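In: task: produce atomic coordinates for the following.
(2 chains)
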Amino acid sequence: MNKLIVIVGPTASGKTELSIKLAKKYNAEIVSADSRQIYREMDIGTAKPLDLREIPHWLLDIKNPNRAYTVAEYKKDAVKIIRDIQKRGKLPILTGGTGLYVKAIVENLDIPKIKANPLLRAKIEKEVKEKGLEYIFQKLVKLDPEAAYVIDAKNPRRVIRALEITLLTKKPFSQQRKSGMPLFDILEIGISVPNENLKDRINLRVDEMIKNGLVNEVENLINKYGSKQQAFDAIGYREIIDFLKNKKTLEKATAEMKINTWHYAKRQITWFNADKKIKWIKSYKETKNLVQQFL
RNA sequence: GCCGGGGUAGCUCAGUGGUAGAGCACUGCUCUGAAAAAGCAGUGGUCGAAGGUCCGAUUCCUUUCCCCGGCA
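Out: You can find the predicted model right below:
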């Protein structure tokens, strides 16, 4: 038995609620696919599930916020835990909104084994600053002609990473974007919420976060770790950090959180729409039928 | 009431005698060790209203309405 249920959807669509409900019914355990809930002490702003007593949750609170974490690590961690759950005869439910993390598992992405190299990146970034991104892109194309078609020439991070891999492996990055054979027998469920509805839910949730003490949470975090951690490059944390540094009012920070969360939700929807295996559901009953059939 | 400043995209504002632009918002999209990240593209305006001058007015002139500041 290597069945895996995957639940995706935009932020604030009700993934947590649905996965807990399913987990209770099918004796399952939940594996998070969320790049920010990975971090300890980032609770309110990441809308981390609070009640973990009944259902085991995995890959929450596994790193301190001063640690960088990446897809490749996630894939390793998640596969291990999913297998472990299956070995114990229980059903794993993978749930979360980080599309790339989900894809890494579902499509068994073969992520190039080159770690992020901060020194090299800094060096290339400096070059970008001095000579322009186009110059660096041409450098990449010289080493990897196919990259011209595959890599977004105007996206600094993409170009830099492609160059990083090409340089360190001495093989073109464009030939290293592969995926392996499926790892699991998967049912992918997507939660579909009408736009207006989702917008309301997002706005409400942001207001709740503020009410529940997000400002305090962020203040404690930056006192402890400083404000420049990669983990804090997250909606809710960026804006509140600006507020705490007197760069904007709380009102403005809150309004920006709402807009940024909405933009994020739309990016998620675009991302998940590209995955044709996802079965979009509008009710719990539909979900139950799908799961029943799958098991 | 008088004197100034202003009314241009949903918002904040540029601008020109040859029917208009930016940022943000909005819509669509990209994504293989930073992904709540990083990027790309697109839609959108009878230029407050009415007259006049001119081949031609959003731009110049007159009148009018509205907003902001000062004086009374």
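
In: need the contact list for residue A:229.
Out: Residue A:229 sits next to A:65-66 when contact means C-beta atoms under 8 Å, 6 or more residues apart in numbering. For every residue, glycine as well, the C-beta is placed using N, CA and C.

In: quick one, phi/psi of it?
Out: phi -70, psi 150 (degrees, to the nearest 10).

In: so which residues make contact with the strand or helix carrying residue A:210?
Out: Using DSSP states H and E, residue A:210 sits in helix A:195-211. Contact partners of helix A:195-211, identified using C-beta under 8 Å, 6+ apart, comprise A:10-13, A:44-45, A:47, A:193, A:236, A:250, A:254, A:257-258, A:261-262, A:265.

In: quick one: pLDDT of residue A:1?
Out: On the pLDDT scale, residue A:1 is placed at 61.

In: domain parsing for chain A?
Out: According to automatic domain parsing, chain A comprises the domains A:3-111+A:181-193+A:275-294, A:118-175, A:197-265.

In: how about a markdown table for these, with distance to RNA strand B added?
Out: Below are the domains of chain A laid out as a markdown table (distance: least, C-beta to the nearest atom of the strand, whole Å):
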| stretch | distance to RNA strand B |
| --- | --- |
| domain A:3-111+A:181-193+A:275-294 | 3 |
| domain A:118-175 | 3 |
| domain A:197-265 | 3 |
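
In: by mean pLDDT, show me the worst of those domains.
Out: domain A:118-175 (a mean of 93).

In: chain center to that one: distance?
Out: With C-alpha atoms, centre = their mean, to the nearest Å as the basis, domain A:118-175 stands 24 Å off its chain's centre.

In: can you show me the strands along chain A?
Out: Assigned by DSSP state E, chain A shows strands spanning A:3-8, A:28-32, A:57-58, A:91-95, A:109-110, A:178-179, A:185-191, A:279-281.

In: enumerate the positions of the first one that are buried.
Out: So that's strand A:3-8. Applying a neighbour-count criterion of 16 or more other C-beta atoms under 10 Å, one finds A:4-8 buried in strand A:3-8.

In: how far does it sit from its chain's centre?
Out: 15 Å.

In: show me what it packs onto, helices and strands only.
Out: helix A:15-26, helix A:71-87, strand A:91-95, helix A:99-106, strand A:185-191, helix A:284-294 (3 or more C-beta pairs under 8 Å, 6 or more residues apart in numbering; DSSP states H and E).

In: most tightly surrounded among these?
Out: strand A:91-95 (a mean of 25; mean count of other C-beta atoms under 10 Å).

In: contact partners for residue A:149?
Out: Counted by C-beta under 8 Å, 6+ apart, residue A:149 has contacts residue A:174.

In: can you name the residues that contact residue A:165?
Out: A:112, A:114, A:173, A:176.

In: now residue A:262
Out: A:199, A:202.

In: can you put the contacts of residue A:165 in CSV and add neighbour count?
Out: What follows is the contacts of residue A:165, written out as CSV (neighbours: other C-beta atoms under 10 Å):
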residue, neighbour count
A:112, 19
A:114, 17
A:173, 25
A:176, 17
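
In: would CSV of these with distance to residue A:139 be doable?
Out: Output for the contacts of residue A:165, formatted as CSV (distance: C-beta to C-beta, whole Å):
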residue, distance to residue A:139
A:112, 18
A:114, 17
A:173, 13
A:176, 18
